[in-house]
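Undergrad: For reference, the sequence and a predicted model appear below.
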Amino acid sequence: MEQSFPRPRVLISRCLGFAACRYNGQQLQSRVVEQLRDHVDFVDVCPEIEAGLGVPRSPIRLCLQDNAIKVWQPAESRNVTAVLQKAAVDLAQDITNHDGAILKTKSPSCALQDAKIYNGIDNPQFLQRGSGIFGALVLERLGHKAVEDEQRLSNRLLREHFLIKLFAWTRFRAIKIAPRMADLVAYHAGHKLLFLAYNQRRFRLCGKITANHERLPPEEVFLCYEQELGQILQKPFLSKSMINTLYHALGWISEDLSAREKRFIINTIEEYRDERIPLQVVTRLIEAQAIRFNHGYLLGQVLLQPFPPRLNDLSDSGRGREVK
Ligand code: SF4
């Protein structure tokens, strides 16, 4: 059963398929961005165009000088720090209402963590990797939401985590527009199994916030919940915790199943534990049983379809990037 999903609002580097705005007049194609086009509302930005650097343009680089990061355009012997910073601040002004961002890896403007930083401006030596000028602002204002670079999203596990997070934030934004306690209670209940797999302790804290024994105004309760939500979804779930949650979900229907059916689902969960099948195989199997028995509680759990099933994609870059 395919549910309806809200449309996330996602900030994106314009060169990732929206315009040929790279320094060399080209644009890039990203598989995940193409897949997302039908499901999200992208807001594309290019800080270097906003800064008036034009297309094509000579490349820029980040240089550490006098303990400050400068943006240098070597071919023009030009310091473009001020214009790029102003453009970045202008573009980052209204982004707190976005549900996430996909930014271009390694760019001195857009990179989240892997732009090259050089030591000094004359005869610069590579020093370290860090955020680009705009990427740093995005992390500061939106870092608790679904924020990634396009290259890390080619890793299947990081992509799965990104999508779960993105749609959880979008559902939260939808109820935050006009905060009502009944909506927050329903949100919390619907995300129970998913959040238990992510972080049990934080989930319980959210439960206390939702109970609102202090009788705080809904606006205040939503703000507290939002802070905890950022913590719950900060890191990808551990497969051990997810397996416990899957058994928990199975517990809701196990009495209705024959011994053979139950054994089949248990074997499938164990295959997931052994990393022989993806999570979606298990959740779809449980969902099929929930539909069969018209099990309202399970069918209301986001865990079974945390994001549109059409976005399930088993491809993996195999880059072996560390999951953070
Ligand atoms: S990486 Fe950022 S600044 Fe560079 S072309 Fe793409 S959108 Fe523009």
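TA: That came through, no problem. Note that this is a predicted model, so its numbers are computed, not measured.
Undergrad: Please make it C-alpha for all contacts and neighbour counts, starting now.
TA: Noted.
Undergrad: Please report how far residue 129 lies from the ligand.
TA: To the ligand, residue 129 is 15 Å away according to C-alpha to the nearest ligand atom, to the nearest Å.
Undergrad: where does that residue fall, helix, sheet strand or coil?
TA: strand (DSSP: H, G, I helix; E, B strand; the rest coil).
Undergrad: pLDDT averaged over the host helix or strand of residue 223 - what is it?
TA: Per DSSP states H and E: residue 223 is located in helix 218-232. In this model, helix 218-232 has a mean pLDDT of 97.
Undergrad: what does that helix contact?
TA: For helix 218-232, contacts defined as C-alpha atoms under 8 Å, 6 or more residues apart in numbering pick out 144-145, 176, 179-181, 184, 195, 198-199, 202-203, 205-206, 209-210, 212.
Undergrad: where does stretch 82-94 sit relative to the chain's centre, distance-wise?
TA: Centre-to-centre, stretch 82-94 and its host chain are 23 Å apart (C-alpha atoms, centre = their mean, to the nearest Å).
Undergrad: can you check stretch 301-318 too?
TA: Distance, centroid of stretch 301-318 to centroid of chain: 13 Å (C-alpha atoms, centre = their mean).
Undergrad: how about the residues of the stretch 1-150 of the chain near the ligand?
TA: Neighbours of the ligand within the stretch 1-150 of the chain, by C-alpha under 6 Å from any ligand atom: 13-15, 21-22, 45-48, 104, 107, 109-110.
Undergrad: Show me the residues you listed that map onto strands.
TA: Counted as lying in strands by DSSP state E, out of these, are 13, 45.
Undergrad: got the contact list for the spatially most central residue of the chain?
TA: Among the residues of the chain, residue 146 comes closest to the average C-alpha position under C-alpha atoms, centre = their mean, at 2.4 Å. Residues in contact with residue 146 (C-alpha under 8 Å, 6+ apart) are 99-101, 162-163, 165-166, 169.
Undergrad: average model confidence for stretch 167-182?
TA: 98.
Undergrad: immediately after the helix ranked longest in the chain, which helix or strand?
TA: When the chain is scanned for its longest helix (criterion: DSSP state H), the result is helix 156-176. Once the chain leaves helix 156-176, the next helix or strand it forms, by DSSP H and E, is helix 181-190.
Undergrad: From the recorded domain assignment, give the ranges for the protein.
TA: Per automatic domain parsing, the structural domains of the chain span 9-54+82-114+127-154, 157-319.
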